[in-house]
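Q: Requesting a structural model of the entry that follows:
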Amino acid sequence: MAKTIDYGNLMHRAMRGLIQTVLSDVAKTGLPGDHHFFITFDTGISGVKMAKWLHDRYPDEMTLVLQHWFEDLTVTDDGFSVTLNFGNNPENIAVPFDAVRTFVDPSVEFGLRFETHPSTDEDEEDSPEDDPPPPPKGEAQIVRLDKFRK
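A: Okay, here's the model as predicted:
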């Protein structure tokens, strides 16, 4: 049994679930109104699939724009894939939700940001002999909904 409640991890899972729900709805019915998304992700995370030339161009991070032209948006429990147009060259990109760093819908001033924290093998051990580590500083992020309301 865990020694502490990992609120940061629980919040990240909930926020990624929100992205999954939104993208699933868009995959079924399209983007409503003026909604559009900027999705920034870590291109080095395991499970990211993209053309080599794109990865060479964006070796660390890339932002996808889902707005006017996108096809084949597919959403699973683990991530999403979408075909986007890069200079009249359609490319399919697969992104695990764990790779997402920001998700922004500027049409309604809504945004989520995921902070990354390196984990070590010691973080995952749960030895009763060890003293519980102090909670990490800055891991939890409070999101004020009023900030996103017009």
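
Q: which helices and strands does the longest helix seen in the chain pack with?
A: Counting residues, the longest helix in the chain under DSSP state H turns out to be helix 7-29. Contact partners of helix 7-29 among helices and strands, from 3 or more C-beta pairs under 8 Å, 6 or more residues apart in numbering; DSSP states H and E: strand 71-75, strand 100-105, strand 110-113. Any C-beta I mention is one placed from the backbone N, CA and C, and that applies to glycine too.

Q: Residue 61: which of those is closest?
A: Of all the helices and strands packed on helix 7-29, strand 100-105 sits nearest to residue 61, with 6.8 Å by C-beta to C-beta.

Q: dump the residue contacts of residue 98.
A: By C-beta atoms under 8 Å, 6 or more residues apart in numbering, the residues touching residue 98 are 16, 45, 47, 79.

Q: you'd agree residue 45 is in a strand?
A: No: in this structure, residue 45 is coil, not part of a strand, as judged by DSSP: H, G, I helix; E, B strand; the rest coil.

Q: Start the count at 345 instead of 1 going forward.
A: Renumbered: residue one is now 345, and that last one reads residue 389.

Q: Now it: closest residue in space, sequence neighbours ignored.
A: Of all residues not flanking residue 389 in the chain, residue 443 sits nearest, at 3.8 Å (C-beta to C-beta, 6 or more residues apart in numbering).

Q: so that neighbour makes contact with residue 391?
A: Yes: the criterion here is C-beta atoms under 8 Å, and residue 443 meets it with residue 391 at 6.9 Å.

Q: higher neighbour count, the two?
A: Legend: neighbour count by other C-beta atoms under 10 Å for residue 443 and residue 391, higher for residue 443 (21 against 12).

Q: Grab the most central residue of the protein for me.
A: Nearest to the mean C-alpha position of the chain, counting by C-alpha atoms, centre = their mean, stands residue 444 at 2.4 Å.

Q: Let's see the pLDDT reported for it.
A: Residue 444 is assigned 93 on the pLDDT scale.

Q: Enumerate every residue touching it.
A: Shown in contact with residue 444 (C-beta under 8 Å, 6+ apart): 360, 363, 383-385, 458.

Q: please redo it, this time with the cut-off set to 6 Å
A: By C-beta atoms under 6 Å, 6 or more residues apart in numbering, the contact set of residue 444 is residue 385.
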